[in-house]
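In: Structure for this input, please:
(2 chains)
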Amino acid sequence: MKHAIGDAVVITKRQLLQLARVPELLVFSTIQPVMFVLLFRYVFGGSIDSGQPGGYVQLLMPGIFVQTVAFTLASTAIGLAEDMKKGLIDRFRSLPISRGAVIFGRTFGDALLNILVLAVMAGAGFAVGWRPTSGFVQISLGFLFLFMFGYALSWIGILVGLSVKEARTVQSVGFLVTFPLTFLSNAFAPTTGMPKALQYFAEWNPVSTMVAACRQLFGLKNEFGATANSWPSQHPLETSLLYMVVLMVIFIPLSIRKYKNYSN
Amino acid sequence: MKSVIAEHLVKTYRNGEVKALNDLSLDVEEGTVLGVLGPNGAGKTTTVRILATLLKPDSGSATVAGIDVIKHPDKVREQIGLSGQYAAVDETLTGWDNLVMFGRLYHLGRQSSIDRANELLERFDLTEAAKRPIKTYSGGMRRRLDLAASLIVKPKILFLDEPTTGLDPRGRQDMWQVIQELVKGGVTLLLTTQYLEEADQLADEIAVIDRGTVIARGTSDALKKQVGGERLEITVEPADLAKANEIVAKISGHATHVDHRTVSAPVLHGSKDLMDALRAMDDAKIHPLDIGLKRPSLDDVFLSLTGHVAEETVEEPAAKKKRGGKK
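Out: Below is the predicted model of the structure:
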């Protein structure tokens, strides 16, 4: 166990080294979120009346940040599934290293990548008019929330990756989960236009609470329709934090157990 | 002393539907090479995975270097090197990156990891390719790098799962040479293969497995004697078949096998017997359409040991390519 952290760091470094050896990987991980920023900003931005000073882009950026970190679920799962398919996980498992090191290392690596992606997106957002108004501490806290949310979802990704095993299936499953979650939320459009049932779903959707939390931390007022005054709409920070803790408490032990037994 | 002992291993998949191992027992004497010979799906990979602590058997026991693989897998992992059928290295990284990473995971210091990586790259003739991503390597180079990765801490016991499957003849020769050098260095090796020739070249002893159990075991010579070693094979016009059969029977001293226009029988003295046969044919004024010595293949071993040809009992090779398919 004394090597556990060192082992995990080696695995994390491996992921960073991959980015250095194949810089295209980095380009592709950042190009999609930047593209989303531009598309939503200029395609929908003109026709959505946000009622916010500074325009739609102020509401949009927290939404896109959350959507992007939510995709960590899929990218963690895909990376792990590919390593398993190539036999790399078998090789790691035949080494005298701590059992959790490989999956902890992967979640750290994906988290570090998220920092980079968030930074690039923030730059792109700034370029198209995004101006958070709340102040340094609040904004930093917002990014800390985003970072942690991505990290928590990464652990679901570990379990999905270990369970599904085939990278292409993992990709489909990942998108099947993350697309509805990110769109059935307040991320891109106010929930007030949705049918009532969906509004209630969106209210409790962790993506919504995260988006609402970030908007609050970036100095914006969030819009709530039928669910105004409900607990999650009143306490987006607390709800989001609770979600993250619950996800990690459930999925970290499950993933470690699955990893230990996966080939049996 | 036995370095590897497996006793009565049983492993089933899909809730008992597929029996991968069915009471398999084997052992490897310290400093020797055991070749585990069998067709796809016979249980070779499952055996290796259990011994290398990647898989737990349903029942049975195994020790490696005297350590129980089920009770103390971590201690076993410190003693072994494993190199599988498909190169289990990070393909986006360079060969050097991979070896240094594995060195770190074996808890060598940074400088020691680098030194060891350079040493292994040199030894396996990969220095030139050291800074290239593995993706650009040939099959033989990948396999050598994979083997190098399993040798980082100079393990006393090495498991090689079909080290030459899928390699071209040149790659196979290179790999054999590398393995032979390792064996000279005193490593205990358990090697699985589908090729009798490979087991013959590399192994001190061979265990033939079929449907999850060992069906024969002995030195290569003993096994070949049992199979009949080389076979003399003559193909003639139908009219000459009876006479050819007589000649082959006389030289061989064993029962002949006649198939269409081809007569064959086991022989002991290879080329001398072939020359005798040619002379006898010439004397009898028979012109063979084809004549030659045939080395026994895995199929022949199986035919003589089991009475059936080697079947792929569990999974097709195509399914095995998916790494997940063989767990």
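
In: Now the phi/psi pair for the closest residue to chain B within chain A, please.
Out: With distances taken as C-beta to the nearest C-beta, chain A approaches chain B most closely at A:Gly87, which sits 3.5 Å away. In short, each C-beta sits where N, CA and C put it, glycine included. Dihedral pair for A:Gly87: phi 80, psi 0, per degrees, to the nearest 10.

In: And the pLDDT at the nearest residue to it once chain neighbours are set aside?
Out: Leaving out its chain neighbours, the residue that sits closest to A:Gly87 by C-beta to C-beta, 6 or more residues apart in numbering or on different chains is B:Ala88, at 3.5 Å. pLDDT for B:Ala88: 86.

In: Surely B:Ala88 is in a helix?
Out: No - the assignment for B:Ala88 (DSSP: H, G, I helix; E, B strand; the rest coil) gives coil, which keeps it out of a helix.

In: what's near enough to touch it?
Out: A:86-88, A:90-91, B:146, B:149 (C-beta atoms under 8 Å, 6 or more residues apart in numbering or on different chains).

In: still on that earlier bit, my guess is the residue of chain A closest to chain B contacts B:Ser83, does it?
Out: No - here A:Gly87 lies out of contact with B:Ser83, judged by C-beta atoms under 8 Å, at a distance of 10.1 Å.

In: picking up where we left off before, what's the burial count for the residue of chain A closest to chain B?
Out: The local packing of A:Gly87 (other C-beta atoms under 10 Å in any protein chain shown) involves 19 other residues.

In: for the host helix or strand of A:Glu238, packing partners?
Out: Using DSSP states H and E, A:Glu238 sits in helix A:236-261. Secondary-structure packing of helix A:236-261 (3 or more C-beta pairs under 8 Å, 6 or more residues apart in numbering or on different chains; DSSP states H and E): helix A:101-127, helix A:136-164, helix A:206-217.

In: Save those as a markdown table, and put in mean neighbour count too.
Out: Converted to a markdown table, these look like this (neighbours: other C-beta atoms under 10 Å in any protein chain shown):
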| stretch | mean neighbour count |
| --- | --- |
| helix A:101-127 | 20 |
| helix A:136-164 | 21 |
| helix A:206-217 | 26 |
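
In: Tell me which of the ones you listed lies nearest to B:Asp273.
Out: Closest to B:Asp273 of those, according to C-beta to C-beta: helix A:101-127, at 57.2 Å.

In: what's the closest one packed up against?
Out: Other elements packing on helix A:101-127 under the criterion 3+ C-beta pairs under 8 Å, 6+ apart are helix A:4-21, helix A:23-39, helix A:56-70, helix A:72-85, helix A:88-93, helix A:136-164, helix A:236-261.

In: Next, find the distance separating the residue positioned nearest the centre of chain A from B:Leu54.
Out: Chain A has A:Val69 as the residue nearest its centroid, 2.1 Å off, counting by C-alpha atoms, centre = their mean. As for A:Val69, its distance to B:Leu54 is 33 Å (criterion: C-beta to C-beta, to the nearest Å).

In: how would you label the spatially most distant residue from the centre of chain A: helix, strand or coil?
Out: In chain A, counting by C-alpha atoms, centre = their mean, A:Pro96 sits farthest out from the average C-alpha position, at 31.9 Å. Judged by three-state DSSP, the three-state class of A:Pro96 is coil.

In: Likewise for B:Asn40?
Out: With three-state DSSP as the basis, B:Asn40 sits in coil.

In: Could you tell me which residues of the stretch 51-200 of chain B lie near chain A?
Out: When proximity is defined as C-beta under 8 Å from any C-beta of the partner chain, the stretch 51-200 of chain B approaches chain A at B:52-56, B:74, B:77-78, B:80, B:82, B:84, B:86-94, B:97, B:101-102, B:104-107, B:133, B:149.

In: Show only the entries of those residues found in helices.
Out: Among those, the members falling in helices (DSSP state H) are B:74, B:77, B:97, B:101-102, B:104-105, B:149.

In: Any stretches of the chain with poor pLDDT?
Out: Since no chain was named, I'll use chain A. Within chain A, the ranges that satisfy pLDDT under 70 run A:1-2, A:49-51, A:223-228, A:262-264.

In: actually it's chain B I care about, not the one you picked
Out: Applying pLDDT under 70 to chain B flags the ranges B:86-87, B:227-228, B:297-299, B:306-327.

In: what's in contact with stretch A:37-50?
Out: Contacts to stretch A:37-50, defined as C-beta under 8 Å, 6+ apart, come from residues A:55-61, A:63-64, A:121, A:124-125, A:128-129, A:188-189.
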